[in-house]
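Enquirer: Give me coordinates for this.
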Amino acid sequence: MRRLKTGKGWTAGDGRLTALAVLSLCFLGGGLLGVLSAAGAEEEAAAGLASYLSAFLATAQAGTLSVPGLPAQVWSVIRWPLLVLLLGFSAVGLVGIPAVFGVRGFLLGFSIGSFVRFYGGAGGLLAALVFGVSGCVAVPVLFVLGVQSLLAARTLALRMVEERRRLLPYGRRYWLCCGVCAGGLAVCVLLEWAAVPSLVMGAARLLRLS
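Expert: All right, here's what the predicted structure looks like:
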């Protein structure tokens, strides 16, 4: 069997900026749609959402906020980056990866918008702790993997339609980047376990949301 050749890595001007722009638009567009959906939710849906957030805040203010087990925390942190990484091994990722970014942005925007809708600026501060402490690492990691995987999916798609064989993009730099991102996600898990619950409970008591 002929061995498939792999490239050493991406070069300047290889489409990274375009990929970053596409994914940023999808993420921000999804986030804006999520915020608008939270703000415009009908009364019945809003009442259920308010009840859920009230229960969450009551638990946080009482200092009894439960911390998920390690497997659940790991899955919560890695599920989006893992999906993006896997889509990078298929031409389907050319469409699937932007869709993932749109959905991720929507869910994040909806969650933050819900806090702000019911609790105003104080809710926004609490949402920043809930989603932002580990998100300041997780979101950049998602974008790094997203850009890399989108370019890989593009290469696979071109290999399908062109007569000449392009080098596969899974070289040493590709896997080194994945390793660095895995380290960043490990930091996210540590933050979710060690810092976020205490910060959220302390902020909930300080802000006295009701």
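
Enquirer: pretty sure residue 67 contacts residue 198?
Expert: No - Residue 67 lies out of contact with residue 198 (CB atoms under 8 Å); the separation is 9.7 Å. C-beta coordinates here come from the backbone N, C-alpha and C atoms, glycine included.

Enquirer: And residue 41, how far from residue 67?
Expert: Here the criterion is CB to CB, to the nearest Å. By it, residue 41 lies 29 Å from residue 67.

Enquirer: higher neighbour count, those two?
Expert: Neighbour totals were compared for residue 41 and residue 67, and residue 41 leads with 18 against 13 (other CB atoms under 10 Å).

Enquirer: Now for the more buried one: which residues touch it?
Expert: By CB atoms under 8 Å, 6 or more residues apart in numbering, the contact set of residue 41 is 49, 117.

Enquirer: so is it in a helix, a strand, or just coil?
Expert: coil (DSSP: H, G, I helix; E, B strand; the rest coil).

Enquirer: could you check the distance from it over to residue 92?
Expert: 32 Å.

Enquirer: What of residue 132?
Expert: Distance of residue 132 to residue 92, given as CB to CB: 31 Å.

Enquirer: now do residue 105
Expert: Distance from residue 105 to residue 92, by CB to CB: 20 Å.

Enquirer: now residue 110
Expert: Counting by CB to CB - residue 110 and residue 92 are separated by 26 Å.

Enquirer: In terms of neighbours, single out the busier of residue 105 and residue 92.
Expert: Between residue 105 and residue 92, counted using other CB under 10 Å, the more crowded position is residue 105 (24 against 12).

Enquirer: Hmm, that one is touching residue 24, no?
Expert: No - here residue 105 does not reach residue 24: they are 9.4 Å apart, not a contact under CB under 8 Å.

Enquirer: Just the buried positions in stretch 34-51, please.
Expert: 34, 35, 38, 41, 46, 49 (16 or more other CB atoms under 10 Å).

Enquirer: Off-centre distance for that stretch?
Expert: Between the centre of stretch 34-51 and the centre of its chain there are 22 Å (CA atoms, centre = their mean, to the nearest Å).

Enquirer: Model confidence for residue 119, exactly?
Expert: The confidence metric pLDDT takes the value 82 at residue 119.

Enquirer: quick one: what helix or strand has it in it?
Expert: helix 93-161 (DSSP states H and E).

Enquirer: Now residue 87: closest residue in space that isn't a chain neighbour?
Expert: Spatial nearest neighbour of residue 87, excluding adjacent residues (CB to CB, 6 or more residues apart in numbering): residue 93 at 3.5 Å.

Enquirer: Just give the number of residues close to the one you found.
Expert: Residue 93, neighbours per other CB under 10 Å, totals 26.

Enquirer: my read: it touches residue 153, true?
Expert: Yes - the pair residue 93 / residue 153 is scored as a contact, 3.2 Å apart, by CB under 8 Å.

Enquirer: All good on my end, thank you.
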